[in-house]
Every structure is written in structure tokens, then in C-alpha cells.
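1. fold the following, please.
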Amino acid sequence: METIPVITAEEVKLWCRVETDDEDSTFDLLIRSAQEQAEAYTGLILIPETCPQGIKAAIAVFVADLYRNREGQTVGEKTFHRLLNPYRLGVL
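-> Below is the predicted model of the structure:
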């Protein structure tokens, strides 16, 4: 099943303050990866029309972190999970 992005590359580039289109394919890859992580963590299947803003923000934070820290020294994972925690299924 193909992942339909809940946030666009343009939205994430605004978050990252990136003004060129040179790395749009990189942003698309990172968005899909972050969204898949968000779905796995929450247990939800995300669709653009009903995706909460908190989840979109979590994806943007995670993509920005992955984009800026390509060597794998990410720091945004804690914020990513904190933003997603209210949406986790089956968690008290």
C-alpha cells in the first residue's frame, strides 16, 4: 500500500527555511519515512484530510532533524515521540 503524504514538501521546506527546490526528492523520501514511523508508533493509518496538526508537526520536526543531521546524529526523536504520544492507540 502506497503512503499518501499528510504533509507536503513545501510545508516541510517552510519549517526548515529551505527556499530552493533542489532537494525536493530528498524531502519526499524523508516525509514518507517519517510518516511511516509515525504510523508505526501511533498504530494509526494517516490520511491527509483527517490528520491532526500535532502529527503533521511531529513529521515536520522529524524530517527537519533528519535533513539537518544526515550523519545519523539526530536530536529530534524525543520531540517526535512527545508530539505523537497523545495519538497512540491502546496506550494509557
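2. quick one: contacts for residue 58?
-> 34, 38, 79-80, 83-84 (Cβ atoms under 8 Å, 6 or more residues apart in numbering). To be clear about C-beta, it is placed using only N, CA and C from the backbone, and glycine gets the same treatment.
3. quick check: it vs residue 19, distance?
-> Separation of residue 58 from residue 19 (Cβ to Cβ, to the nearest Å) stands at 23 Å.
4. where does pLDDT dip in this protein?
-> 1, 72-75, 91-92 (pLDDT under 70).
5. which helix runs longest in this structure?
-> helix 24-42 (DSSP state H).
6. assign the residue nearest the centre of the chain to helix, strand or coil.
-> Centroid-nearest residue in the chain, with Cα atoms, centre = their mean: residue 59, separated by 1.8 Å. Classification of residue 59 using DSSP: H, G, I helix; E, B strand; the rest coil returns helix.
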